[in-house]
Every structure is written in C-alpha cells, then in structure tokens.
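# Dropping the sequence and predicted coords here.
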Protein chains: 2
Amino acid sequence: MAITAVPDTTRNHLLAALPAEEFARLAAHLEPVDLAVGDFLYEPGGQLQHAYFPASAIVSMHYVTESGASAEIAGVGNEGMVGISLFMGGDTTSSSAVVQTAGEAYRLERAVLKEEFDRGGAMQRLMLRYTQALISQMSQTAICNRHHSVEQQLCRWLLTTLDRVPSGQLVMTQELVASMLGVRREGITEAAGNLQHAGYIRYRRGHIAVLGRTGLESLACECYAVVKKEYLRLFAEIPRRGVPAARRVAIQ
Amino acid sequence: MAITAVPDTTRNHLLAALPAEEFARLAAHLEPVDLAVGDFLYEPGGQLQHAYFPASAIVSMHYVTESGASAEIAGVGNEGMVGISLFMGGDTTSSSAVVQTAGEAYRLERAVLKEEFDRGGAMQRLMLRYTQALISQMSQTAICNRHHSVEQQLCRWLLTTLDRVPSGQLVMTQELVASMLGVRREGITEAAGNLQHAGYIRYRRGHIAVLGRTGLESLACECYAVVKKEYLRLFAEIPRRGVPAARRVAIQ
DNA sequence: CCCCTTAAGTGCGCTAGCGCACCGACTTCC
DNA sequence: GGAAGTCGGTGCGCTAGCGCACTTAAGGGG
C-alpha cells in the first residue's frame, strides 16, 4: 500500500453522497491508499483498524471453510465501503476482506468513523442504508448459491464487476473467479468458454474483456437485477456532492 | 393473530436486554400477538408496519425465485427480531417473512421503533449489534448453500431450531423443512431417515423429536457453531433485565 | 532468446441431488 | 366407517458439478 498522488474522494459513491458539513469533518482524515490484488484488509477475528472506501479497487468479503473451500459473500467497489462492523458493533467478522482488483481506496481510522457515526446524522443514515443494501446482496448470494448454475453465476458476477470497472477490461484469472464463486476452476473454464463462443466476452491469460453486456444480462440469473434494483432504490433520492446535476443521470 | 393473555416480554432476548429506561418507554406499545404457521409478516416489496419480537414463535426470512424455487436466508426466534429494515432504511426488503413455528411474539409500531432507535441510545446499539449477528448468519447461509451436504444442513437447521424450542419437540413437516433449506422433500426424507437410524431424532407425520443433540452436532457442518459463537460473542457482555443473575448462565 | 512459471484446456469416472411417478399409511372430516 | 387429503417412503433415470491427472500454451525474467 502506498500513498497516491491526486485524491478525488468523490469517486467513491458513499463519500460523494455525504453532505458538505459531514464530509468536511472527515476530509482531513481520509487517507488515500493503493490496494494490490491479494491484500487482506482484515482477516477473520482480527481487530479492524480502518474502514475502506474503494475508488477504483474492488474488495471481496470472502469466507474460507475448515476444509479449505471458499466463497465470496459480497463484493465492495466504489459504490460501498469495507468495515461496517466498526459501527454495527463487535468490531470483527468471521469473514475476511481480500482485494480482488487492484486500485485506490480511501481509508478512515476506526475512531474517526465511529465518532461521526455516533453523531447520528446524515452519515449514520447513509452507512445504515448502505448496510441494508449489502444485506440484500448477501441474501441474494445465498439464494444464488443454492439455485443457480455456474454459468448464470458467472454472468452475474461479471456484470457486477463491470459496474465497478467502467472500462470493461477485467484483470482476473479463471482461478480467482473460481475462488470467488466457490466452484472449480474447470467449471469457470467451461462457462467462460461458452460465453466467449457466444461472443459476449473475450479473454486471454488473466484478462477478460466484456464485449456484449446485454448478452450476459440475458444469461445471468435474476440475482443481478434484484440486487442492482435494490441499490438503486435505496440510493435513489440521495444526491452526489461535487457532481454537476447533468452528469448525475449518466452515472447511475 | 389474536391477543394473548399474560405477556412476559423478557422471553424475547432483545427486549430483555433493553435497559429499564428504554424498556419503560416501549412497554406500553408492545402488543402481544399469536402467530400461526404460514402467516406472512411481510411480503417482498410490501411496506412494513411493525417490527416483531418473537417469544415462542419462529419466523423465517424466505426468498422465492422467479422460477418458484425457495430458500431461507435467515431464521429469527426469541433471540432476535423481524423488521430491521425499519431502522436500517428503505422500509422493505426483497425477501418475505413467514412464520415457521407457531407461537407468540410482541410487535411494535414502526414509528415507535424508529423514534426510539433515533434517540441513539442503548436500544440503537442493541439493534445494530443484532443486525450484525443476523448478517453473520446470512453469510454463513451463503457458504453453507455452496459447500455443505443436505444432511449437514439439516443437522445445522435442527440445532438452531432447537435453540429456540427448549422442549426439543418440533412441529414441522418434511415438506416445510425442504422449503426452508431449498432442497427437494425427498432429500429431507433420506437425510432424516439416516438421522433417525442413528438414533439422533425420531419423527412421525409432522413432528420431529430430537433425542441426541450431540449426535446432530457431530454431523452438522461448522456453520452452526460459527454462527452461534458469533451471537454469543456479540451479546456476551449484555445483561438481561428481569432475570436473576444465577439463571443467566444457564440461559446462554 | 530460451526457459520456467503459471494460466487455461481436456478427458474421465464419480456422486449428490434433481425431477418425476407412484405407493402406502396416517388423519380428519363428513 | 368410508372417503379424501396429506405426509412420508421408494425407485429410477438424469445431469451438473466434483476430483484428479495430464496437456498445451502464454508470457515474463534471466
């Protein structure tokens, strides 16, 4: 992790949604950090020291079972934050947070976050709303794991990742995707092969390019749309600071 | 739903954990209700009007997919509450809440709950802590759905239900259990048959009696213990109002 | 430029769980 | 006490996904 040069905190939607007054109190404490793939922001049971607000990075809340099997519980990109247990209580979780896509994030010290949260103002309402969105994402993951095929889940996963990576160029091995979905690497090879055949994606050694978003949408299970709709609903009326009104529409 | 006769709000652990001052403000608004199996406390997208604090009832947060498949996302008994989205924001969820075991509960009107929550005192901290516990339950469900066998999941489910039904006599058809776990009824028949063979349970037409708790624990996946440990951790230092100190130990 | 690491492709046997169809047996209600 | 409805048991073929072993090929570093 290294300090980045030119911070633009509004790249994170939550930070951007803070009213000017709340933001002003936090701004000085927001520390830009570079996150590399594989970095652990926290490990199960460990004491959390910071909350992270991704700008371009993507972080995965990940669980590893006793037998070594793993799966993603939820993903966090520029729409959210890592470390809700800091204000929810308990300070730790039984899952870990791993960086899934390298990039920048802003971090905030535990005490600073807690203090602002406990003021009970707009920041608290925003964090709780985000937590609610996260809950619905996790619920849907539970359902998806139960009922949907690897191919459907891969499409869902590509689409959510795409929402966090505007370029559509994902840096990502099949092995990593498999560990996120909690399936075999070979299963991803097969599903991704199908998608490439259909012309929806193209990939090579650790890179996936999305060519046909709508194609993926047609193959994905309902889970993608359900979660996205819930995020939009929960954040519909919340304005973004520092973004001209005209651009707002294009962003969401 | 009908009004019950003799209310004892301390049967619900959350209500029992409220400090006297907070509880006093809510007591007059707590309305005892009888819940029957199959009652919907809320349906996806519907506006929630009350929060429910189960005493002897068990409620299931349940999701039904477009294709009609279903699964439980989390269960709520006397250790918790139904309706967190009232204070988290958004007021609704994409899942429904169905009564899974008949019994009593106390309900609180939306506005009363919100007002007390927004005071930012002990009640808020308690609700948030509970939400955190619920989140870890949901996470574990996601993992469990991905990696564990029907038999393991059945054991897990029986154990958590048992924690909410002290008698160990569950009123429950295999069909219902199957819909909770999101598997076929026949799958439950087989797994339950094994458990009965092993002498851990005995059942007949809509009734399941647990005979060997430790047996179930040995067959269950880690998920049961992980979630239970997390609940205990989060509520360890929170005392229970109206319960003699001596009894406290036995309860947890 | 070559080598070595690591990503991706393939094949194969196996099994858990699904979908479906049907039976038997218990319960409730007329 | 018979009829109807519900709950549980069983059999059978099917398939998605697993585990494992091995090959092919990309691409980065010495």
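Nice, thanks for sending it over. Residues are numbered from 1 along each chain as shown, chains lettered A, B, ... in the order given.

# Get me the contact residues on the stretch 51-200 of chain A for DNA strand D.
A:69, A:149-151, A:182-184, A:186-187 (CB under 7 Å from any atom of the strand). Where you see a C-beta, it was placed from the backbone N, CA and C, and this is true even at glycine.

# now, the most widely separated pair of these?
A:69 and A:151 (20.0 Å; CB to CB).

# The two: who's more crowded?
Of the pair residue A:69 and residue A:151, residue A:151 is the one with more neighbours under other CB atoms under 10 Å in any protein chain shown, namely 18 against 15.

# Setting the sequence-adjacent residues aside, check what's closest to the more buried one.
Residue nearest to residue A:151 in three dimensions, not counting chain neighbours: residue A:191, with 4.3 Å by CB to CB, 6 or more residues apart in numbering or on different chains.

# cool, and residue A:212?
The nearest residue in space to residue A:212 (CB to CB, 6+ apart) is residue A:200, at 4.1 Å.

# Test my guess that the one you found contacts residue A:217.
No - contact between residue A:200 and residue A:217 fails when scored by CB atoms under 8 Å: they sit 9.5 Å apart.

# Counting neighbours, go ahead and name the busier of those two.
Set side by side, residue A:200 and residue A:217 show more neighbours around residue A:200, with 21 against 14, by other CB under 10 Å.

# what pLDDT does the more buried one get?
Residue A:200 carries a pLDDT value of 97.

# Tell me the spacing between it and residue A:221.
Counting by CB to CB, to the nearest Å, the gap from residue A:200 to residue A:221 is 15 Å.

# Ok, residue A:198 next?
Using CB to CB, residue A:198 is found at 16 Å from residue A:221.

# Settle it for me: which of those two has more neighbours?
Per other CB under 10 Å, whichever of residue A:198 and residue A:221 has more neighbours is residue A:221, with 21 against 14.

# Could you tell me the phi and psi values at that one?
Per-residue torsions, residue A:221: phi -80, psi 170 (degrees, to the nearest 10).

# just residue A:204 next, same as before
phi -160, psi 140.

# Setting aside sequence neighbours, what's the nearest residue to residue A:208?
Leaving aside its sequence neighbours, residue A:208 sits nearest to residue A:170 (CB to CB, 6+ apart; 4.4 Å).

# can you tell me which residues contact the spatially most central residue of chain A?
The centroid of chain A falls nearest to residue A:76 when counting by CA atoms, centre = their mean (1.6 Å). Residues in contact with residue A:76 (CB atoms under 8 Å, 6 or more residues apart in numbering or on different chains) are A:54, A:58-61, A:82, A:97, A:134.

# Tell me how far it lies from DNA strand C.
Distance of residue A:76 to DNA strand C, computed by CB to the nearest atom of the strand, to the nearest Å: 23 Å.

# Make sure I have this right: the residue nearest to residue A:208 is in a helix.
No - assignment of residue A:170 by DSSP: H, G, I helix; E, B strand; the rest coil gives strand, placing it outside any helix.

# Run a quick neighbour tally on residue A:167.
8.

# distance between stretch A:225-245 and the chain's centre?
How far stretch A:225-245 lies from its chain's middle: 15 Å, per CA atoms, centre = their mean, to the nearest Å.

# Got the phi and psi for the residue nearest to the centre of chain A?
phi -130, psi 120.

# Residue A:34 now?
Per degrees, to the nearest 10, the backbone of residue A:34 is at phi -100, psi 130.

# cool, and the one 10 residues further on?
Dihedral angles phi and psi of residue A:44 (degrees, to the nearest 10) take the values phi -50, psi 130.

# do residue A:90 as well
phi 100, psi -30.

# That one and residue B:61, how far apart?
20 Å.

# More neighbours: the two, which one.
Under the criterion of other CB under 10 Å, the comparison of residue A:90 against residue B:61 puts residue B:61 first, with 25 against 18.

# Are we agreed that that one is in a strand?
Yes - counting by three-state DSSP, residue B:61 is located in a strand.

# dump the residue contacts of it.
Here residue B:61 is in contact with A:139, B:72-76, B:82, B:93, B:95-97 (criterion: CB under 8 Å, 6+ apart).

# Can you tell me what sits against stretch A:226-240?
A:10, A:13, A:16-17, A:79, A:126, A:129-130, A:132-133, A:136-137, A:140, A:160, A:163, A:248, A:251-252, B:89-90, B:94.

# Of these, grab the buried ones for ChimeraX.
In ChimeraX, a selection of the buried entries from the contacts of stretch A:226-240 looks like this (16 or more other CB atoms under 10 Å in any protein chain shown):
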select /A:10,13,16,17,79,126,129,130,132,133,136,137,140,160 /B:89,90,94
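
# Could you check the pLDDT of residue A:118?
96.

# give the contact list for residue A:112.
A:26, A:29.

# Make JSON lines out of the residues of the stretch 51-200 of chain A next to DNA strand D and add pLDDT and secondary structure.
JSON lines is the format used below for these (pLDDT from 0 to 100; DSSP: H, G, I helix; E, B strand; the rest coil):
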{"residue": "A:69", "pLDDT": "95", "secondary structure": "coil"}
{"residue": "A:149", "pLDDT": "97", "secondary structure": "coil"}
{"residue": "A:150", "pLDDT": "98", "secondary structure": "helix"}
{"residue": "A:151", "pLDDT": "97", "secondary structure": "helix"}
{"residue": "A:182", "pLDDT": "97", "secondary structure": "coil"}
{"residue": "A:183", "pLDDT": "98", "secondary structure": "coil"}
{"residue": "A:184", "pLDDT": "97", "secondary structure": "coil"}
{"residue": "A:186", "pLDDT": "97", "secondary structure": "helix"}
{"residue": "A:187", "pLDDT": "97", "secondary structure": "helix"}
